[in-house]
Structure formats: C-alpha cells, structure tokens
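Peer 1: any chance you can model this:
(one chain, ligands or ions: 1)
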Amino acid sequence: MRLRAAVPLHASVALVLTVLTFTGGAAWLSALAFRRRWLALGALYLALSATLWVAAPLWGRQPMPCWGEPLRAKGIYCAMNRTYVTPELALVLADLAGAMEAAHPGTITLMLDGGFPATNLPLLPHLSHDDGQKADLAFWYRDAQGYAPARTPSPLGYFAFEAGPTDCRPGSFSLRWNLAWLQPFWPEMTLDGPRLETALALLEADGRVGKVFVEPHLAQRHGAGSKVRFQGCRAARHDDHIHLQL
Ligand SMILES: [Zn+2]
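Peer 2: Residues are numbered from 1 along each chain as shown. Predicted structure coming up:
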C-alpha cells in the first residue's frame, strides 16, 4: 500500500531527473530495488552515464572534453550528461578554441550546454539543443588580475547578464528571465570584449556555422556579422552566453 502511494512521487522524481540529466530517472527507479538506495542511485547513475559516454557514437554524438585546454565543457554539465554534440560540431568547437588560443594565448573556451547523448529530447530550459548540432559557449571574463581562464561570474555559466538596451518588455509567459535578485551575488568580473570580438569574427568566417545568437546590443558593440540573430523576446536571453548551431 505504501509503495503504491509512492508511485506518483517516484514517477515525478524520475521524470524531473530524466529531463535534467537523461540517465538520472532510470537510475532513480532502478535504485528503488536496493536496500541502500542512495548508494545504489550514485553507482547506477555513474554506470549508466559511463556507458553512454562510450556508446554515444551509436547515436552520432560524442562527449566534449571535460578537462584540458584550450577547450573544455563546464564540469557540472559534464556530470549531467549535457555536453554531447555531433562530431562535426565537436570539430567546429575545437577549431574555434584553437584559433582563440592562437589569437589570445592562454585562452580557454568553455562550453556550457550541448545536448544529451542519445535521442532528440530537448535540453530544458532551452527550447532547442535537441539534435547535437547546438552548443552554448560561456563568455570570456576578466577579474582584477586580468583574463580569468575558464572562469565565469555565475557558477552555472548562465544568468550573469550583461544587461543593455533592449526592445523586449517583461511578458507573462517568457523564458527571458531577468533574475535581478541574483545579480548582486556575482563576483566582480567584466566581459572580455576583445575575446568576444575574436570569437564572433571566427564564427562568422566558419562556413560550417549556421546561426549564432547573441543579444543585439552586444552584437552591435562587438562587431557581429550576418550570422548573428536575435532569438526573440520570449526565448532565453543571450547576454550571458553565446549560442551557436550548424
Ligand atoms: Zn543555446
């Protein structure tokens, strides 16, 4: 009886974990069969995620590196199985990071969300990122010591907004979050303009890249080319990261 009452709860938890991490839901449900449930959850999550790390090429995806230079994916998104892309996009990102390093020695290019290892499930809260052909890049930042490699003001890499003029008005249903209450918590870091300019120029020159999303006021200030689009007022804002797709 108790187990039956808990079914909706476990189903909901599994759904949320699947949406966030892909393998978390299956790990949660399988762990219910074990006496030491939390230990089993951790072990199953690791085992399932490691299996997909190896098996992703079956679905035409590959994981981005989670350490090393000049390109790496942010650890939290690696741990959540959200850093898979197609081999072609992996190559585009590696070339971009290499060219960034050549133009500005010591630069590390940091990927945020890419896609899941299998299926065309979109990566929430993004409305896309469903086919391995889309990736988000963190901006490059400076602190009091100068360029801060692979560091972002927000621990997630998202939500530290470079607010500027916009035509968007607050709407009732929109993914264009302001999160004004959160902004004072970020440490003092500034956007590295020259690195953003170089990245936008490289993406413009790369024939494999189809579209780039950056907020219009940043695009204008940093010399964006014809591939840079505005995502619209009802989608996630792009003054905290770059979105690119093939
Ligand atoms: Zn994106």
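Peer 1: which bits of this structure sit near the ion?
Peer 2: D136, H243 (Cβ under 5 Å from the ion). No exception for glycine: its C-beta is placed from N, CA and C like everyone else's.
Peer 1: okay, now the domains of the chain?
Peer 2: 2-57, 60-245 (automatic domain parsing).
Peer 1: so which of the ones you listed is the most surrounded?
Peer 2: Of all the domains of the chain, domain 60-245 has the most neighbours on average by mean count of other Cβ atoms under 10 Å, namely a mean of 18.
Peer 1: pick out the residue of the protein closest to the ion.
Peer 2: At 3.3 Å from the ion, H243 is the closest residue in the chain, using Cβ to the ion.
Peer 1: that residue falls within a strand, correct?
Peer 2: Yes - when DSSP: H, G, I helix; E, B strand; the rest coil is applied, H243 is found to be in a strand.
Peer 1: for it, what are its contacts?
Peer 2: K134, A135, D136, L137, V212, F213, V214, Q231 (Cβ atoms under 8 Å, 6 or more residues apart in numbering).
Peer 1: quick one: which of the residues you listed sit in strands?
Peer 2: Taking DSSP state E, the ones among the contacts of H243 that sit in strands are K134, A135, D136, L137, V212, F213.
Peer 1: how close does the last one get to I76?
Peer 2: Looking back up the chat, that one is F213. For F213, the distance to I76 (Cβ to Cβ, to the nearest Å) stands at 21 Å.
Peer 1: check contacts around the residue found closest to A90 once you drop the neighbours it is linked to in the chain.
Peer 2: With sequence-adjacent residues excluded and distances taken as Cβ to Cβ, 6 or more residues apart in numbering, A90 is closest to Q62, at 5.5 Å. Shown in contact with Q62 (Cβ under 8 Å, 6+ apart): A56, Y84, V85, T86, P87, A90.
Peer 1: who does the third one bridge with?
Peer 2: By that I understand V85. Q62 (DSSP bridges).
Peer 1: for H241, see how far away it is.
Peer 2: On the measure of Cβ to Cβ, V85 and H241 end up 15 Å apart.
Peer 1: good, we can wrap up now.
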